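Enquirer: Okay, here's the prediction I keep looking at, along with the sequence it came from:
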Amino acid sequence: MARKGQAAMEFLMTYGWAILVVLVAIGALAYFGVLNPDTFLPEKCVISSGSGLFCDKFSVSSGTSIQLKVSNSLAEAVTLEASGSSISQGANSCTLAADTAVTADNSSTLTFSGGGTCATLTASGAKIKGDITLVFTDSDGFSKTTTGSLVAKAP
């Protein structure tokens with residue numbers, strides 16, 4: 001009877017050491033950044049569909065501003081308002097520098113800048129996972145808000 005207990009204990013110890021080695025290997029990979037998901041995320045800029053506005057290109061200037069090239073696929077011109085339009089990540093945010101008109105089926109470059117919090121958001125080497133909020137007015141004077149996201153790295 002004692003032999004069966006010894007065999008079971010040896011079985012469990014063998015698998016226990018194997019599991020421990022695997023956990024240590026995974027821990028080492030995570031510690032050295034091999035399993036860091038930020039290294040696998042591509043840079044992207046997305047504005048919610050249905051608004052008629054699309055993000056074509058984007059650029060981050062280290063410590064100063066973020067620029068978005070926004071296309072208007074609507075049949076009418078819209079004006080993006082500086083008040084309310086921003087890119088934010090937590091407590092840090094960059095606001096739209098000035099009201100910008102975007103004609104129908106055309107694109108325009110928006111510059112987001114601001115005080116000290118924008119400089120923190122765009123600090124050199126910083127990973128930005130920001131929320132885009134755009135407030136715009138159509139040709140009839142109706143104000144609308146759309147949202148999106150920006151994933152980028154400051155140079």
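Expert: Structure's in. What do you need?
Enquirer: List the buried residues of stretch 113-129.
Expert: Neighbour counts over stretch 113-129 (16 or more other Cβ atoms under 10 Å) mark 113-114, 117-122, 126, 128 as buried. Quick note: C-beta positions are derived from backbone N, CA and C, even for glycine.
Enquirer: same question for it, mean pLDDT?
Expert: Across stretch 113-129, the average pLDDT comes to 83.
Enquirer: Between the two ends of it, what distance do you get?
Expert: Chord length of stretch 113-129, first to last residue, is 16 Å (Cα to Cα, to the nearest Å).
Enquirer: Report the distance from the longest helix seen in the chain to the chain centre.
Expert: Across the chain, the longest stretch assigned as helix under DSSP state H is helix 2-31. Distance of helix 2-31 from its chain centroid, counting by Cα atoms, centre = their mean, to the nearest Å, is 40 Å.
Enquirer: helix or strand right after that helix?
Expert: Heading C-terminal from helix 2-31, the first helix or strand you meet, by DSSP states H and E, is strand 44-47.
Enquirer: Quick check: mean pLDDT of that next one?
Expert: Mean predicted confidence for strand 44-47 is 93.
Enquirer: List the buried residues of the helix or strand that that strand is followed by.
Expert: Next helix or strand after strand 44-47 toward the C-terminus (DSSP H and E): strand 53-61. Of the residues in strand 53-61, 53-55, 58, 60 count as buried by neighbour count, 16+ other Cβ under 10 Å.
Enquirer: quick one: low-confidence ranges for this protein?
Expert: 1-2, 38-39, 115-116 (pLDDT under 70).
Enquirer: domain ranges for it?
Expert: Following automatic domain parsing, one gets these domains for the chain: 2-35, 40-153.
Enquirer: Most tightly packed of these?
Expert: The highest mean neighbour count among the domains of the chain, using mean count of other Cβ atoms under 10 Å, belongs to domain 40-153: a mean of 16.
Enquirer: what's the span of that one, first residue to last?
Expert: Domain 40-153: ends 13 Å apart by Cα to Cα.
Enquirer: same deal with stretch 132-149?
Expert: Per Cα to Cα, the first residue of stretch 132-149 is 5 Å away from its last.
Enquirer: Packing partners of the strand or helix carrying Thr79?
Expert: Per DSSP H and E: Thr79 is located in strand 78-80. With contacts taken as 3 or more Cβ pairs under 8 Å, 6 or more residues apart in numbering; DSSP states H and E, strand 78-80 sits against strand 100-102, strand 127-137.
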